[in-house]
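In: sequence first, predicted coordinates after that:
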There are 4 protein chains.
Amino acid sequence: MDQKMINDLKEQVFQTNLLLPKYGLVIHTWGNVSMIAPNRQFFVIKPSGVSYDKMRAQDMVVVDLDNNVLDTNGLKPSSDTPTHALMYKHCPDIKAIVHTHSTFATSFAQADKPIPCLGTTHADNFFGPIPCTRALSDSEINGAYEHNTGLVILEHLKNNQVDVNACAAILVKEHGSFVWSNKNGKDAVDRALTLEQVAQMALYTQMINPHMKEANPALQQKHYNRKHGKDAYYGQDTKQED
Amino acid sequence: MDQKMINDLKEQVFQTNLLLPKYGLVIHTWGNVSMIAPNRQFFVIKPSGVSYDKMRAQDMVVVDLDNNVLDTNGLKPSSDTPTHALMYKHCPDIKAIVHTHSTFATSFAQADKPIPCLGTTHADNFFGPIPCTRALSDSEINGAYEHNTGLVILEHLKNNQVDVNACAAILVKEHGSFVWSNKNGKDAVDRALTLEQVAQMALYTQMINPHMKEANPALQQKHYNRKHGKDAYYGQDTKQED
Amino acid sequence: MDQKMINDLKEQVFQTNLLLPKYGLVIHTWGNVSMIAPNRQFFVIKPSGVSYDKMRAQDMVVVDLDNNVLDTNGLKPSSDTPTHALMYKHCPDIKAIVHTHSTFATSFAQADKPIPCLGTTHADNFFGPIPCTRALSDSEINGAYEHNTGLVILEHLKNNQVDVNACAAILVKEHGSFVWSNKNGKDAVDRALTLEQVAQMALYTQMINPHMKEANPALQQKHYNRKHGKDAYYGQDTKQED
Amino acid sequence: MDQKMINDLKEQVFQTNLLLPKYGLVIHTWGNVSMIAPNRQFFVIKPSGVSYDKMRAQDMVVVDLDNNVLDTNGLKPSSDTPTHALMYKHCPDIKAIVHTHSTFATSFAQADKPIPCLGTTHADNFFGPIPCTRALSDSEINGAYEHNTGLVILEHLKNNQVDVNACAAILVKEHGSFVWSNKNGKDAVDRALTLEQVAQMALYTQMINPHMKEANPALQQKHYNRKHGKDAYYGQDTKQED
């Protein structure tokens, strides 16, 4: 392994993990961000249960796609590591993954409801509703639980033909959200914040008017293309991070 | 063009755009503020998709009322520019415009509901309900979308005889809010914050008592006049910004 | 007038007004605090519509109980001055008054609902429900509006035999809250924050269980006495501000 | 008594009390944290009604399990002291107790509803629903009120066979929450923040889907064991505070 590249990745993963409490998406040690190496042989993830104040870049853990720890400062990787590993293995476009229990998105996951696309805020960022997986069965829970969580996510994406580049988030029933990016960790965390904002507005919208179901599909298509389609015209031509 | 006046306007537009995240009205690069020049030949607007941390006064873009870019630091203007341009062209009293997806106001826009005037907080600042436009048609969405958004706003204002000096805000269905000022950008952003506060209290009021529809019209008239009528007595006699 | 005492009072009123935005009870220039002089001949109040960032202690305005300005730095007193004056005139125990449009308390005022006492948080601080006045009539609105607001408050307190020392807050229908103290301005603002907290929890409580109406009267009596009765045992024996 | 140990305990109790306003769990002087000495002969608790800004470590009060003050800087202990004392006496595993009126947890207490376990955020931290006690009778209220509050808590724990190590929180009807830890004060306050987060999401979940009652029991068991069971694998092997 190229140690400089690994150290750079650790630094990036460390910095993007710090955005989680900064953005108000997590309390305590909850939540984690990972990024995969360009060769897709391994990824770097937050250690398990270490507080954000004490965590350092060198504490990030390097794991391969079969959950073997390749490089660690003596710390175990996040307990959600097998979910990240499975998603990287089966979704070659995904470069970074964020898991949080952010308040409003998790409330939809607990309520077993997808987040409907009710306006352009959602449509600019996610194509279609944010899906919600089925619950894990008792045997899936009592078996390789975190690996099975990944399997249930992949099953939902496949059965519903979700394009991971168009809708970069999913709710896991009775659990929380996984959000990803085909760019980098910062982009994935930014999307996790967008998801939370979209979930909050969806709840309020349905409180104001319980009959609202979905924004006009033409509007959804337009806004998604405006930012993400091949003729996207939002933002500057030069690629930029923000 | 008078370069000093343009630079002053860029500085003002830059500073008022920074108020959007400070007031909690936007996350990421969402939202934009513009101000028109005194001769009403051009306006200055935020560039598209540039983050608030990195944005500088010189990055503001000068555009004429037909959407031609007159002066830029290499950056494209906000994608919402054609909506601003059309409003400036048809509403000669409007001097500044703010667009946001602030949480509560956008929830009303997504719910296809005007924000009713339920008390003096609203009545001090906006006369009558904050209206909500019709949805754009599929062909309006697939055509000159942002220009058509402006047309739908103007159509609503005209059909409902809304006085833009009395009610300086509108919700665009399935989208968000546009707020304006006949004074300056700071005043428009202050009103956008007021709109958000008023929307939040309207939702809570209707949760506490679903039967509340509208405050006493005499109270609405009184409070609006107290602050904005020709015999206004709120604030100091000398005009002041805040 | 004793100028040193007046300057001290201006400083206190200035400092307690600054607590309003610090506590999140107001945005913009909304809200005001006043305190009456020990001889009850005059009170000191915030000037009208001056922003909190620019306001100075010397900008506070001295007014007598008939609304005559006795001492000013050239600024007009708050437009709500006649409401404060009338309350001081008729309630000899009141030493400070706060008016805000804080989010949750104002939502109850807009909903025309008193805030029920649902638990010890409320009972520790206010005895019985926070009452809500009737609406002003059209002629009251179109006449001496702010004076009439005071009359409607006094009418409610008298008709419902409210003890201003036991329940130091009232909601004015379609408007906001007035909160007072028999101690000082700091205590009145602290109670305004308590009112907002109690209003927020009352809304959530009724969302969780729409059948809850009122806490056990024995509990209400006990908690009020624990903090405010003659055998109060909460806090330290030495009187202290906080 | 070992004075150094007492001073260390006072410092710890002081620091953990300061976390309450930092975490947004209390306003004013509300809320209190206590910790028991290793020999379980006495505990250290916040003084009554002293503001968080002015409080110092030496102001913490030492009390024995029969509510006798053993060491004080002239200040009375928290009025809730008899509740803490009784819980320490009857629950030998409890090492620290926190009492707050935090917004969402208190709303459930006021609504007379336990907080159901609706997902893994709850299941990772509390086993089963957060119970809510019965109301105190009039004679319990008018007698040794704070002692009787403790009796009602113990009655609920006993009658419902609640394991205080598995579910370290309870709601007292019409009052607020008590949260404890078998480790230390910091852990108890961290759990109080978790309780507030779990309560907020439970309210939102039931607003989104009023039919949700409880997460799959197998999931609840799994998540609790993952963090707290004898084969716990969340966090690092070395015991660490966070």
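Out: Yes, it's here.
In: so the most centrally placed residue in chain A, which state does it fall into?
Out: For chain A, the residue nearest the mean C-alpha position is residue A:179 (1.5 Å; Cα atoms, centre = their mean). Going by DSSP: H, G, I helix; E, B strand; the rest coil, the secondary structure assigned to residue A:179 is strand.
In: grab the nearest non-local neighbour of the residue of chain A found nearest chain B.
Out: In chain A, no residue comes nearer to chain B than residue A:235, which is 3.0 Å away by Cβ to the nearest Cβ. C-betas here are computed from N, CA, C, even on glycine. For residue A:235, ignoring the flanking residues on the chain, the nearest one in space by Cβ to Cβ, 6 or more residues apart in numbering or on different chains is residue B:49 at 3.0 Å.
In: that neighbour is in contact with residue A:226, isn't it?
Out: No. Counting by Cβ atoms under 8 Å, residue B:49 stays clear of residue A:226, with 10.9 Å between them.
In: circling back: can you pull the contacts of the residue of chain A closest to chain B?
Out: A:227, B:29, B:48, B:49, B:76 (Cβ atoms under 8 Å, 6 or more residues apart in numbering or on different chains).
In: residues of chain A that sit close to chain B?
Out: Contacts of chain A with chain B, taken as Cβ under 8 Å from any Cβ of the partner chain, map to A:118-121, A:190, A:193-194, A:197, A:200-202, A:204-209, A:212, A:215-216, A:218-219, A:222, A:226, A:233-237, A:240, A:242.
In: Provide a ChimeraX selection command restricted to the buried entries of those residues.
Out: In ChimeraX, the members of the residues of chain A next to chain B classed as buried (16 or more other Cβ atoms under 10 Å in any protein chain shown) are selected with the following command:
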select /A:118,119,120,121,190,193,194,197,200,201,202,204,205,206,207,208,212,215,216,218,219,222,226,234,235
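In: can you tell me which of the contacts of residue A:235 are buried?
Out: B:29, B:48, B:49, B:76.
In: for residue A:196, give its distance to chain C.
Out: 20 Å (Cβ to the nearest Cβ, to the nearest Å).
In: just give me the neighbour total for residue A:160.
Out: 14 (other Cβ atoms under 10 Å in any protein chain shown).
In: which parts of chain A are strands?
Out: A:32-36, A:42-45, A:61-64, A:69-71, A:96-100, A:169-172, A:176-181 (DSSP state E).
In: what's the weakest-modelled helix or strand in chain A?
Out: Least confident helix or strand, chain A: helix A:217-228 with a mean of 88, by mean pLDDT, DSSP states H and E.
In: who touches it?
Out: With Cβ under 8 Å, 6+ apart, helix A:217-228 has contacts from A:117, A:120, A:123-128, A:165-166, A:214, A:231-235, B:79, B:135-136, B:138, B:141-142, B:145, B:174.
In: sketch out the low-pLDDT regions of chain A for me.
Out: A:1, A:237-242 (pLDDT under 70).
In: spatially nearest residue to the residue of it found nearest chain C (excluding sequence neighbours)?
Out: Going by Cβ to the nearest Cβ, chain C is nearest to residue A:207 of chain A, at 9.9 Å. The shortest distance from residue A:207 to any non-neighbouring residue, by Cβ to Cβ, 6+ apart, is to residue B:203 (6.6 Å).
In: ok and the lengthiest helix in chain A relative to strand A:176-181, angle-wise?
Out: What stands out as the longest helix in chain A, according to DSSP state H, is helix A:185-208. Interaxial angle of helix A:185-208 relative to strand A:176-181 (axes from the mean of the first three to the mean of the last three Cα atoms, to 10 degrees): 130 degrees.
In: output helix A:185-208 in PDB with nothing but the alpha carbons.
Out: Output in PDB follows, covering the C-alpha atoms of helix A:185-208 (Å, rounded to 0.1, in the frame of the first residue of the first chain):
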ATOM      1  CA  GLY A 185     -16.600  11.900   1.800                       C
ATOM      2  CA  LYS A 186     -17.300  15.600   2.000                       C
ATOM      3  CA  ASP A 187     -20.000  15.300  -0.700                       C
ATOM      4  CA  ALA A 188     -21.500  12.300   1.100                       C
ATOM      5  CA  VAL A 189     -21.700  14.200   4.400                       C
ATOM      6  CA  ASP A 190     -23.200  17.200   2.600                       C
ATOM      7  CA  ARG A 191     -25.900  14.900   1.200                       C
ATOM      8  CA  ALA A 192     -26.600  13.500   4.700                       C
ATOM      9  CA  LEU A 193     -27.300  17.100   5.800                       C
ATOM     10  CA  THR A 194     -29.500  17.600   2.800                       C
ATOM     11  CA  LEU A 195     -31.400  14.300   3.600                       C
ATOM     12  CA  GLU A 196     -32.100  15.600   7.100                       C
ATOM     13  CA  GLN A 197     -33.400  18.900   5.800                       C
ATOM     14  CA  VAL A 198     -35.600  17.200   3.200                       C
ATOM     15  CA  ALA A 199     -36.900  14.800   5.900                       C
ATOM     16  CA  GLN A 200     -37.800  17.600   8.200                       C
ATOM     17  CA  MET A 201     -39.600  19.500   5.500                       C
ATOM     18  CA  ALA A 202     -41.500  16.400   4.400                       C
ATOM     19  CA  LEU A 203     -42.800  15.900   8.000                       C
ATOM     20  CA  TYR A 204     -43.900  19.500   8.200                       C
ATOM     21  CA  THR A 205     -45.400  19.500   4.700                       C
ATOM     22  CA  GLN A 206     -47.600  16.500   5.600                       C
ATOM     23  CA  MET A 207     -48.600  18.100   8.900                       C
ATOM     24  CA  ILE A 208     -49.800  21.300   7.000                       C
END
